[in-house]
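>>> give me a model of this one.
(one chain, ligands or ions: 4)
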Amino acid sequence: MVNENTAQEGALKFAVAPNSKMRSSGHEGVPSSASSYKDDLAVAIRAVNLASQLCQAVQRNLLSKETQSKADKSPVTVADYGSQALVSWVLQRESPVDRAAGSFSMVAEEDSEDLRTEDGLPMLERITQLVNETIAADGTFGPVTLSKDDVLTAIDGGSSPGGPEGRHWVLDPIDGTRGFVRGDQYAVALGLLENGEVVVGVLGCPNLPLASIGPNGPVSSDNSVGCLFAASKGAGTITHAMDGSRPAQRVFVSEVSDSKWAAFCESYEAAHSRQDLTANIARILGVSAPPIRIDSQCKYGAMARGDAVIYLRFPHAGYREKIWDHAAGSIVITEAGGEVFDAAGKPLDFSKGRFLDLEHGIIATNSHLKDAVLAAVQTAIKEQQNVTKGESSSHL
Ligand SMILES: Nc1ncnc2c1ncn2[C@@H]1O[C@H](COP(=O)(O)O)[C@@H](OP(=O)(O)O)[C@H]1O
Ligand SMILES: [Mg+2]
Ligand SMILES: [Mg+2]
Ligand SMILES: [Mg+2]
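Ligands and ions are numbered 1, 2, ... in the order given. Below you'll find the model as predicted:
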């Protein structure tokens, strides 16, 4: 995990220009006064907070039997399932808009298939116990106990195909499961799509330091962690401490306009993004600070408050991005004044169902640097294609 020591060491080693850090919004709580998504944002924050409590409890005591491999060999834990069950349960029970409409649609990462087998029963029992313990410890939902069937049904509330019309919640119950299992960063990421557009996004980042993780972060002895980011269309992005110890503040992306002062962030996992390509992009841009490597959509949250100025993500060939990996994070960035786009410079399109349909790679930065970063990305991709062509012709 990137900790404050690393940030402090970075601050000594790399001269990075000051940027706009958290600025007070002048009003506390959710940025609701101008938002027509006030109720959606409030219920989304409640759901993400509850699910984050379950994740924190599990991460403290993670046992190996509580992690399994899915068919694609990626890990899934009792907390991924428990988080999905809780968010689905809270939204279906508490969302005034969905209840009034009598319909609920959610596109979420996990499903209950493996838990419905005989082998899955112990895991289902553990998830049900965790879900009920979390609801009881929270204390704001009254006396309620979910059965194993209720938990399975809640998990499968996330089976919607999404699409270009209507309302769809989009959930990654734990984004960065590998980071979660390692004891590092992860996020509970919940978005809301309306006619294909992300209109609400909430990121619960229980391990993210409140202090900046960027190379120009403040030298501070405050080791507090746990940040929530919340955004809704037209109403900005706010952050607050998950334990309530600090009030909500508006955040804005960095205003750095000279790329040599721009720190960039990327995946911790080299298998998730081509770190050779991002190193070349950074070289072309003249970036001197080393990459900030952390798991999950915490990167979008950290960028939204100015810790990093650029986010680069270039999966290896053949990987298809899913909407739940970017929906909440993208609105957290755009409402903080930033831009999120693909290698062709196009904004991400969340209207195509469970997958994003994009031109190789996802990039986020501020509006000053968009053209320069895009040009560097396209140059680095061409250079790499030329190297590949050269290598294959030398084998002829
Ligand atoms: N080969 C791959 N290339 C790109 N992304 C991948 C990948 N394998 C898994 N991922 C995605 O990367 C996400 C984590 O993001 P990051 O790399 O920013 O930490 C994972 O989310 P989950 O942990 O929710 O499965 C998963 O969806
Ligand atoms: Mg996963
Ligand atoms: Mg994910
Ligand atoms: Mg996940």
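
>>> closest residue of the stretch 1-150 of the chain to ligand 3?
Residue of the stretch 1-150 of the chain nearest ligand 3, by C-beta to the ion: residue 109 (6.2 Å). C-beta coordinates here come from the backbone N, C-alpha and C atoms, glycine included.

>>> just checking, that residue touches residue 176?
No - taking contacts as C-beta atoms under 8 Å, residue 109 lies outside contact range of residue 176: 11.6 Å.

>>> more crowded one of those two?
residue 176 (27 against 24; other C-beta atoms under 10 Å).

>>> so what's that one up against?
By C-beta atoms under 8 Å, 6 or more residues apart in numbering, residue 176 lies in contact with 184-187, 295-298.

>>> and the host helix or strand of residue 85, how far out from the chain's middle?
Under the criterion DSSP states H and E, the helix or strand holding residue 85 is helix 78-94. When C-alpha coordinates are averaged (C-alpha atoms, centre = their mean, to the nearest Å), helix 78-94 and its chain have centres 17 Å apart.

>>> run the angle between the longest strand that the chain contains and helix 78-94 for me.
Looking across the chain with DSSP state E, the single longest strand is strand 197-209. In terms of direction (axes from the mean of the first three to the mean of the last three C-alpha atoms, to 10 degrees), strand 197-209 departs from helix 78-94 by 130 degrees.

>>> just the buried residues of the following helix or strand past strand 197-209, please?
Scanning forward in sequence from strand 197-209 by DSSP H and E, the next helix or strand is strand 225-232. For strand 225-232, the buried set under the neighbour-count rule, 16 or more other C-beta atoms under 10 Å, comprises 225-232.

>>> partner strands of strand 225-232, with direction?
strand 197-209 (antiparallel), strand 236-241 (antiparallel) (DSSP bridges).

>>> how about the longest one: buried residues?
Neighbour counts over strand 197-209 (16+ other C-beta under 10 Å) mark 198-209 as buried.

>>> how about the last one?
Neighbour counts using 16+ other C-beta under 10 Å place 236-241 of strand 236-241 among the buried residues.

>>> make CSV from the buried residues of strand 197-209 and add pLDDT and distance to residue 102 to it.
Converted to CSV, those look like this (pLDDT from 0 to 100; distance: C-beta to C-beta, whole Å):
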residue, pLDDT, distance to residue 102
198, 98, 24
199, 98, 20
200, 98, 20
201, 98, 25
202, 99, 24
203, 99, 29
204, 98, 28
205, 98, 33
206, 98, 34
207, 97, 38
208, 98, 37
209, 96, 42
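
>>> how about TSV for the residues you listed, with distance to residue 153 added?
Listed next are those as TSV, based on distance: C-beta to C-beta, whole Å:
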residue	distance to residue 153
198	26
199	26
200	24
201	26
202	23
203	26
204	23
205	28
206	26
207	30
208	32
209	37
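
>>> show me the two of those residues that sit farthest apart.
Taking C-beta to C-beta, the two most distant members of the buried residues of strand 197-209 are 199 and 209; they sit 28.8 Å apart.

>>> and the closest residue in space to residue 316 that isn't next to it in sequence, how many neighbours does it have?
Residue nearest to residue 316 in three dimensions, not counting chain neighbours: residue 274, with 6.4 Å by C-beta to C-beta, 6 or more residues apart in numbering. Neighbour count of residue 274, defined by other C-beta under 10 Å: 23.

>>> ok, which stretches of the stretch 201-350 of the chain are strands?
With DSSP state E, counting those that start in this stretch, the ranges of strands along the stretch 201-350 of the chain come out as 225-232, 236-241, 249-250, 264-266, 292-293, 310-313, 338-341.

>>> out of these, the one nearest ligand 1 is which?
strand 310-313 (6.8 Å; C-beta to the nearest ligand atom).

>>> which residue does the stretch 51-200 of the chain bring closest to ligand 3?
residue 175 (3.6 Å).

>>> dump the helix or strand containing residue 188 to CSV, restricted to CA.
Residue 188 belongs to strand 187-194 when assigned by DSSP H and E. Listed next in CSV are the C-alpha coordinates belonging to strand 187-194 (Å, rounded to 0.1, in the frame of the first residue of the first chain):
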residue,chain,number,x,y,z
ALA,A,187,-13.0,0.2,-3.5
VAL,A,188,-16.7,-0.4,-3.3
ALA,A,189,-17.8,1.2,-6.5
LEU,A,190,-21.5,2.1,-7.2
GLY,A,191,-22.7,4.1,-10.2
LEU,A,192,-26.1,4.9,-11.6
LEU,A,193,-26.8,5.0,-15.4
GLU,A,194,-29.7,6.9,-16.8
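
>>> can you list the strands that it pairs with?
Strand 187-194 is paired, per DSSP bridges, with strand 167-175 (antiparallel), strand 197-209 (antiparallel).

>>> can you tell me the closest non-neighbouring residue to residue 101?
Closest to residue 101 by C-beta to C-beta, 6+ apart is residue 167, at 7.6 Å.

>>> whoops, I mixed them up, residue 90
residue 47 (3.9 Å).

>>> my guess is that neighbour contacts residue 84, does it?
No - taking contacts as C-beta under 8 Å, residue 47 lies outside contact range of residue 84: 10.5 Å.

>>> so between those two, which is more surrounded?
residue 84 (30 against 27).

>>> can you list phi and psi of residue 345 for me?
Residue 345 adopts backbone torsions of phi 80, psi 10, taken as degrees, to the nearest 10.

>>> who are the contact partners of it?
Here residue 345 is in contact with 370, 374 (C-beta under 8 Å, 6+ apart).

>>> what does the protein put close to ligand 2?
Residues of the chain lying near ligand 2 by C-beta under 5 Å from the ion: 74, 177.

>>> so where is the chain shaky, pLDDT-wise?
1-35, 217-219, 392-396 (pLDDT under 70).

>>> going along the chain, name the helices of it.
4-13, 38-60, 78-94, 96-101, 121-138, 148-156, 177-182, 275-285, 298-304, 327-334, 370-394 (DSSP state H).

>>> alright, calling it a day.
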